[in-house]
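Participant: Kindly return the folded structure for what I paste below:
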Amino acid sequence: MYDKIITISREFGSAGHTIGKKVAEKLGIPCYDSEIVDKVALESGLLKELVEEKGEYLSAAGRISTSFTLYNLYSNMSKEDIIWAAQVKVIKELAEKGPCVIIGRCAEYILRERTDLLRVFICADMESRAEHIVSVYGEKDESPEKRLKDKDKKRAAYYKYYTETEWGDPLCHDICLNSGTLGIDKCVEIIAGM
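Facilitator: Just a heads-up that it's a prediction; the model follows:
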């Protein structure tokens, strides 16, 4: 029986979601990604669409409005902070249920004190990531490279704001895999083998 919690952080377009799902299937354990959004929306009382938008990405405008809200005597918490608090609670509860794969949402940071944790970061070169988002998501409205850079920038800002550490920092992960050179199936095999 597999007995670890696996967190998968990933660059946008690196196939981290696909890899996480396949690892969970191979090990016969649950995988949580969009399910977290549903649970956070229920826990926070906020709309699912808002949780999806604010649950991993922090725009420059979001950082400014959040910092002003924190000093506003008439407001307890910003929507972003409410989502963060609900997300922390949900991720800890999911981990308590037993072995699983948790994709994104700073889970490796939130669960960092657990001893049964395997923290994975998935990256890939820009060309592989661009091909992936066009083939999987049909992203064609704007340059795939621009979309990738924008998403990663927002994800990094969110991570830095809530964890006070750098997104993708190798010291925050046990293993970093390049899905562009290794391929999805090899990444799955390596993670499951660990």
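Participant: C-alpha from now on. contacts and neighbour counts both.
Facilitator: Noted.
Participant: Pull the number of nearby residues for P99.
Facilitator: Other residues near P99 come to 22 when the count uses other C-alpha atoms under 10 Å.
Participant: same check, this time on K26
Facilitator: Based on other C-alpha under 10 Å, the number of other residues close to K26 is 12.
Participant: How about the one 5 residues further on?
Facilitator: By the criterion of other C-alpha under 10 Å, C31 has 24 neighbours.
Participant: Could you shift the numbering so residue one becomes 49, and keep it that way?
Facilitator: Taking 49 as the first residue, the last one we looked at is C79.
Participant: So the nearest residue in space to it that is not next to it in sequence: helix, strand or coil?
Facilitator: The spatially closest residue to C79, leaving aside those adjacent along the chain, is V149, at 4.5 Å (C-alpha to C-alpha, 6 or more residues apart in numbering). The three-state assignment at V149 reads strand, by DSSP: H, G, I helix; E, B strand; the rest coil.
Participant: For D198, see how far away V149 is.
Facilitator: Separation of V149 from D198 (C-alpha to C-alpha, to the nearest Å): 26 Å.
Participant: likewise G152?
Facilitator: 17 Å.
Participant: same thing with Y209?
Facilitator: Look at Y209 and D198: by C-alpha to C-alpha, they are 17 Å apart.
Participant: Under the pLDDT cut-off, which ranges of this protein? List them.
Facilitator: 49-50, 103-123, 187-189 (pLDDT under 70).
Participant: any idea where the strands of it begin and end?
Facilitator: Counting by DSSP state E, the segments of the chain that form strands are 53-58, 79-80, 148-151, 165-171, 223-226.
Participant: So what are the sheet partners of the second one and their directions?
Facilitator: According to DSSP bridges, strand 79-80 forms sheet pairs with strand 148-151 (parallel).
Participant: Likewise for the first one?
Facilitator: Within its sheet, strand 53-58 is paired with strand 148-151 (parallel), strand 165-171 (parallel), according to DSSP bridges.
Participant: Just the buried positions in it, please.
Facilitator: Neighbour counts over strand 53-58 (16 or more other C-alpha atoms under 10 Å) mark 53-58 as buried.
Participant: residue contacts, the closest residue to K199 other than its chain neighbours?
Facilitator: Nearest non-adjacent residue to K199, counting by C-alpha to C-alpha, 6+ apart: F60, 6.6 Å away. With C-alpha atoms under 8 Å, 6 or more residues apart in numbering as the criterion, the residues that contact F60 are 177, 196, 199-200.
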